[in-house]
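>>> Structure for the following, please:
(chains A, B and C)
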Amino acid sequence: MTQLRSIYQLLLDRYGPQHWWPAETPFEMAIGAILTQNTNWPNVEKAIANLRDAAALSSEAICFLPRLDLESLIRPSGFFRQKAERLALFSCYLHDHYQGNLELMLQQPPEPLRRELLTLKGIGPETADSILLYAGGHPSFVVDAYTDRLFSRLGLLAGGENYQDIQAFFMQRLPREAQLFNEFHALIVSHCKQHCRKQPRCSDCPLEKICRFRQLSS
DNA sequence: GGCCAGGACACCA
DNA sequence: TGGTGTCATGGC
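Residues are numbered from 1 along each chain as shown, chains lettered A, B, ... in the order given. Got it, this is the predicted structure:
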């Protein structure tokens, strides 16, 4: 608990509040979560801008848009055929089950909601937790490649743990507060975009106090 | 020109 | 259950 809270505070002091997720509506947020799978965020922004310019940033529009048109609009985000299918499946699911209204879906309790999201093809644990946390305000900790990389290097994770184990590591040591989970994940991403390259060089890390955790725990 | 990016899934042993 | 290949664009 103490170590995680200290790291969180150091990140917050260094980078400040991140005000995530960068989206105007919960639906746009969910679309962004799918589009950002294994992709740079600037590429996702291009795809979302294309959808907005085409007046296609709604579940109805995406569900009924011809597939080739949808692929063309989201092409900058990469994996555009896969992601077009995933966006269409998600949007049509909302249309069929929730009158196209994501907020209606998000009113459910988080645990059955998470299970429901995971039944949808193209929504895995990270995407589901991102939607739960950032669109729904539910306290579900989001684990991504940066989380694994940073905390393995800090010596708090062994490396190689699965998603569920890493998520449990955080959720068992932190109070279940959506705002804390929101800010923590955003700070991890902001830090790692600059300092968690695949080739680790702790000496490049500006957070010397954080790097010291690794020495203390190893 | 190669590396990397805010994953998920199908397939195989 | 875990490991591997596949999907693809764009910035540096």
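>>> interface residues of chain A facing DNA strand B?
Near DNA strand B, the residues belonging to chain A are A:20-22, A:32-33, A:36-41, A:43, A:78-79, A:82, A:120-128, A:130, A:134, A:144-146, A:163, A:189, A:192-193, A:196-199 when assessed by CB under 7 Å from any atom of the strand. No exception for glycine: its C-beta is placed from N, CA and C like everyone else's.
>>> does DNA strand C sit close to whatever helix or strand residue A:194 lives in?
Using DSSP states H and E, the element containing residue A:194 is helix A:178-195. No - contact of helix A:178-195 with DNA strand C (CB under 7 Å from any atom of the strand) is absent, the minimum separation being 10.9 Å.
>>> Any of the residues of chain A next to DNA strand B buried? List them.
Buried by 16 or more other CB atoms under 10 Å: A:20-21, A:32-33, A:36-37, A:39, A:43, A:78, A:120, A:123, A:125-128, A:130, A:134, A:144, A:146, A:189, A:192, A:196, out of the residues of chain A next to DNA strand B.
>>> what does the helix holding residue A:194 contact?
With CB atoms under 8 Å, 6 or more residues apart in numbering as the test, helix A:178-195 has contacts from A:8, A:11-12, A:14-15, A:17-21, A:133-134, A:137-142, A:144, A:146-147, A:149-150, A:170, A:174, A:204-207.
>>> what separates that helix from the chain centre, distance-wise?
Centroid separation for helix A:178-195 versus its chain: 10 Å, with CA atoms, centre = their mean, to the nearest Å.
>>> Any buried residues in it, and which?
Within helix A:178-195, the residues scored as buried using 16+ other CB under 10 Å are A:178, A:180-192, A:195.
>>> related to what we said a few turns ago, just the buried ones among the residues of chain A next to DNA strand B: which are in helices?
Those of those mapping onto helices are A:32-33, A:43, A:125-128, A:130, A:146, A:189, A:192, per DSSP state H.
>>> from chain A, which residue is nearest to DNA strand C?
The nearest approach of chain A to DNA strand C comes at residue A:78, 2.7 Å away (CB to the nearest atom of the strand).
>>> for that residue, what are its contacts?
The contact partners of residue A:78, taken as CB under 8 Å, 6+ apart, are A:38-39, A:43.
>>> and those near DNA strand C, which?
A:38-39, A:43.
>>> quick one: which of those is nearest to residue A:99?
Nearest to residue A:99 among those, counting by CB to CB, is residue A:39 at 29.9 Å.
>>> With adjacent residues omitted, what lies nearest to that closest one?
Setting aside the residues directly before and after it, residue A:39 is nearest to residue A:78 in space (CB to CB, 6 or more residues apart in numbering), at 5.0 Å.
>>> Check residue A:93 too.
Distances taken as CB to CB, 6+ apart place residue A:120 nearest to residue A:93, at 6.0 Å, with adjacent residues excluded.
>>> Backbone torsions only: list them for that neighbour.
Residue A:120 has phi and psi values of phi -80, psi 130 when expressed as degrees, to the nearest 10.
>>> That one reaches residue A:89, doesn't it?
Yes - taking contacts as CB atoms under 8 Å, residue A:120 lies within contact range of residue A:89: 6.1 Å.
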